[in-house]
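Participant: The following block contains a protein sequence and its predicted model.
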Amino acid sequence: MANIAAIVGRPNVGKSTLFNRLTESRKAIVDAESGVTRDRHYGKSEWNGLEFSVIDTGGYVKGSDDVFEGEIRKQVTLAIDEASVILFVLDVAEGITEDDKVVANILRKSKKKVFVVSNKVDNFVRQGMSGEFYALGLGDPYNISAISGSGTGELLDDVVKAMDADIKEEVIDIPKFAIVGRPNVGKSSFINALLGKERNIVTPIAGTTRDSVNTRYTAFGHDFLLIDTAGIRKKSKVEEDLEFYSVMRSIRAIEDCDVVLLLIDAQLGLEAQDINIFHLAESNRKGVVIVVNKWDLIEKNTNSTKEYEEKIREKLAPFRDVPIVFTSTLTKQRVLKAIETAEKVNENRTKVIKTRHLNDVMLPIVENQPPAAIKGKHVKIKFINQLPTHAPTFAFYCNLPQYVTEAYIRFLENRMRAEFDFTGVPIQIFMRKK
């Protein structure tokens, strides 16, 4: 089960600065203007050996006529829905505002573990000022300065303890496939076609799917866990920001799976949101199968499948080595083929290549086409081995790793894909000093 920490609070309290501190990145925009963080930002953090995801939400402002603020409010509510723990950030210099009280009321109802984070505590006087936050009824405040990092260690110690306790699921050693995609591409229909029963309620309203459900599938000689986003969504919730919703859903499903089946609508093609979800899977080193659903609605000619595939691969470049399956959940066409493809991708992802075989195949290729000399320096690659990671990762040992270009690493990756078949799987190559 994926662990997710959501950073919430009204605008301009330092949420993005805390996000940058936790993920050691500059992904979120930091600005003094209210509500600058327009999109959620997603990153990875690690503390005391536990890796978890961090989501930076926009601010929350009550009673504003600005639609933009209203959207942020909805997205904060959704982030609370999805998170394992909540980091509620407050500004010690400003104390409790009306907007803070509104956020606190939502958090008290959420039944999630909430950490009250008193930010901007950068001197001794301000340490005493954070006592005001006890009045919110959400527990002891943690004094931090997101800019300098002071106090964040103690906060993270307790955050990861809460997360450890959160993981109690029995681990079954079978492949886990996640069905993800934008709202209304046919995810529930795909599950129903596979299971042969209306386990999910299917309606034409985008976003009727609400909760993540795991189903074990053991028919026709297959045995895997299906992670889907099945369930009923209240009509009052349909107005929520569905793009954000589908990404939130995808984050949890992708982190919990081995292979992602990314469903896209044949009539709409691969859209920006699909590409976001694809890159989310790639950055988490998961296997990927693109499933083009509703293919029965497309007028086809002899080359239509090939042309459609090529358009998808162009948009996914440089990671083009992805299987694409055309399905119709209405006629159940190729639904099982999509699953069989996911199983093959999972085999590729867990493949271990013997060191001797790896060197026998790749060293002659390197010798035949070595890295270009830079400043008169010649790179000599002497040895290769596969690292013991959860996705294919290889170390190439050489005399001058710093002179190996990205283009050459891409060349090595393409040759490894051709020689060893890593279709559907992101692979990593590291250059190391011999």
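Facilitator: On my side now, so go ahead. Residues are numbered from 1 along each chain as shown.
Participant: SS state for E94?
Facilitator: Classification of E94 using DSSP: H, G, I helix; E, B strand; the rest coil returns coil.
Participant: Chain neighbours aside, what residue packs nearest to it?
Facilitator: Spatial nearest neighbour of E94, excluding adjacent residues (Cβ to Cβ, 6 or more residues apart in numbering): V13 at 8.0 Å. Just so you know, the C-beta spots here come from the backbone N, C-alpha and C atoms, and that holds for glycine as well.
Participant: One more: G137?
Facilitator: Closest residue to G137 apart from its sequence neighbours, by Cβ to Cβ, 6+ apart: R108 at 6.6 Å.
Participant: any idea which helix or strand carries that neighbour?
Facilitator: If you go by DSSP states H and E, R108 is part of helix 98-110.
Participant: ok now that helix, how far from the chain's centre?
Facilitator: Remark: helix 98-110 is offset 27 Å from the chain centroid, using Cα atoms, centre = their mean, to the nearest Å.
Participant: hmm, who's touching the following helix or strand past that helix?
Facilitator: Using DSSP H and E, the helix or strand that directly follows helix 98-110 along the chain is strand 113-119. Residues from elsewhere that reach strand 113-119 (Cβ atoms under 8 Å, 6 or more residues apart in numbering): 13-14, 17-18, 84-92, 107, 130, 133, 136, 138-146, 155, 158-159, 162, 166.
Participant: if you set the cut-off to 6 Å instead, what comes out?
Facilitator: With Cβ atoms under 6 Å, 6 or more residues apart in numbering as the test, strand 113-119 has contacts from 13-14, 85-90, 92, 107, 130, 133, 138-139, 141-144, 146, 162.
Participant: got it, and stretch 311-329?
Facilitator: For stretch 311-329, the external contacting residues (Cβ under 6 Å, 6+ apart) are 186, 189-190, 193, 270, 282, 288-293, 295-296, 309, 333-335, 337-338, 341, 417, 423-424.
Participant: Just the buried ones from the residues you listed, in PyMOL syntax?
Facilitator: Listed next is the PyMOL selection for buried residues among the contacts of stretch 311-329, using 16 or more other Cβ atoms under 10 Å:
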select buried, resi 186+189+190+193+270+282+288+289+290+291+292+293+295+309+334+335+338+341+417+424
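Participant: Then L87 would be within a strand, right?
Facilitator: Yes. Secondary structure of L87 (three-state DSSP): part of a strand.
Participant: For it, which residues are in contact?
Facilitator: Counting by Cβ under 6 Å, 6+ apart, L87 has contacts A5, I7, F115, V117.
Participant: Not counting its neighbours along the chain, what's nearest it?
Facilitator: Leaving aside its sequence neighbours, L87 sits nearest to I7 (Cβ to Cβ, 6+ apart; 4.8 Å).
Participant: beta partners for the one you found?
Facilitator: Beta-bridge partners recorded for I7 (DSSP bridges): D56, L87.
Participant: gap between it and V85?
Facilitator: To V85, I7 is 10 Å away according to Cβ to Cβ, to the nearest Å.
Participant: out of those two, which sits in the busier spot?
Facilitator: Ranked by neighbour count (other Cβ atoms under 10 Å), I7 and V85 place I7 first, with 30 against 20.
Participant: thinking that one is in contact with S16, fair?
Facilitator: No. The pair I7 / S16 is not scored as a contact, 8.3 Å apart, by Cβ atoms under 6 Å.
Participant: Can you tell me the element N214 falls in?
Facilitator: N214 belongs to strand 211-217 when elements are defined using DSSP H and E.
Participant: average model confidence for that strand?
Facilitator: Strand 211-217 shows a mean pLDDT of 65.
Participant: ditto for stretch 103-119
Facilitator: 89.
Participant: mind checking the end-to-end distance for it?
Facilitator: Using Cα to Cα, to the nearest Å, the end-to-end distance of stretch 103-119 comes out at 16 Å.
Participant: buried sites along it?
Facilitator: V103, A104, I106, L107, K112, K113, V114, F115, V116, V117, S118, N119.
Participant: T215: which of those is nearest?
Facilitator: T215 has its nearest neighbour among the buried residues of stretch 103-119 in K112, at 25.3 Å by Cβ to Cβ.
Participant: Need the nearest residue in space to T329, chain neighbours excluded.
Facilitator: Distances taken as Cβ to Cβ, 6+ apart place S189 nearest to T329, at 3.8 Å, with adjacent residues excluded.
Participant: sorry, back to before: where does the residue nearest to E94 sit: helix, strand or coil?
Facilitator: Secondary structure, three-state DSSP: V13 is coil.
Participant: which residues of this structure score low on pLDDT?
Facilitator: Across the chain, the ranges flagged by pLDDT under 70 are 1-2, 25-41, 58-76, 164-172, 197-213, 228-249, 302.
Participant: Would you map the helices across it?
Facilitator: Assigned by DSSP state H, the helices in the chain fall at 15-23, 67-82, 98-110, 124-129, 152-166, 187-195, 242-256, 272-283, 304-316, 335-349, 355-368, 406-420.
Participant: Output these in a markdown table, with distance to I374 appended to each entry.
Facilitator: Shown next, in a markdown table, are the helices of the chain (distance: least, Cβ to Cβ, whole Å):
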| stretch | distance to I374 |
| --- | --- |
| helix 15-23 | 32 |
| helix 67-82 | 46 |
| helix 98-110 | 54 |
| helix 124-129 | 52 |
| helix 152-166 | 40 |
| helix 187-195 | 48 |
| helix 242-256 | 38 |
| helix 272-283 | 29 |
| helix 304-316 | 30 |
| helix 335-349 | 33 |
| helix 355-368 | 16 |
| helix 406-420 | 10 |
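Participant: Most tightly packed of those helices?
Facilitator: Most buried of the helices of the chain by mean neighbour count (mean count of other Cβ atoms under 10 Å) is helix 15-23; its value is a mean of 24.
Participant: can you give me the angle it makes with strand 113-119?
Facilitator: Counting by axes from the mean of the first three to the mean of the last three Cα atoms, to 10 degrees, helix 15-23 lies at 110 degrees to strand 113-119.
Participant: could you turn helix 15-23 into PDB, dropping everything but the C-alphas?
Facilitator: The C-alpha coordinates for helix 15-23 follow below in PDB (Å, rounded to 0.1, in the frame of the first residue of the first chain):
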ATOM      1  CA  LYS A  15       3.500  24.600   1.900                       C
ATOM      2  CA  SER A  16       5.600  24.700  -1.300                       C
ATOM      3  CA  THR A  17       8.800  25.500   0.600                       C
ATOM      4  CA  LEU A  18       8.100  22.500   2.900                       C
ATOM      5  CA  PHE A  19       7.400  20.300  -0.200                       C
ATOM      6  CA  ASN A  20      10.800  21.400  -1.700                       C
ATOM      7  CA  ARG A  21      12.500  20.600   1.600                       C
ATOM      8  CA  LEU A  22      10.900  17.100   1.900                       C
ATOM      9  CA  THR A  23      11.500  16.200  -1.800                       C
END
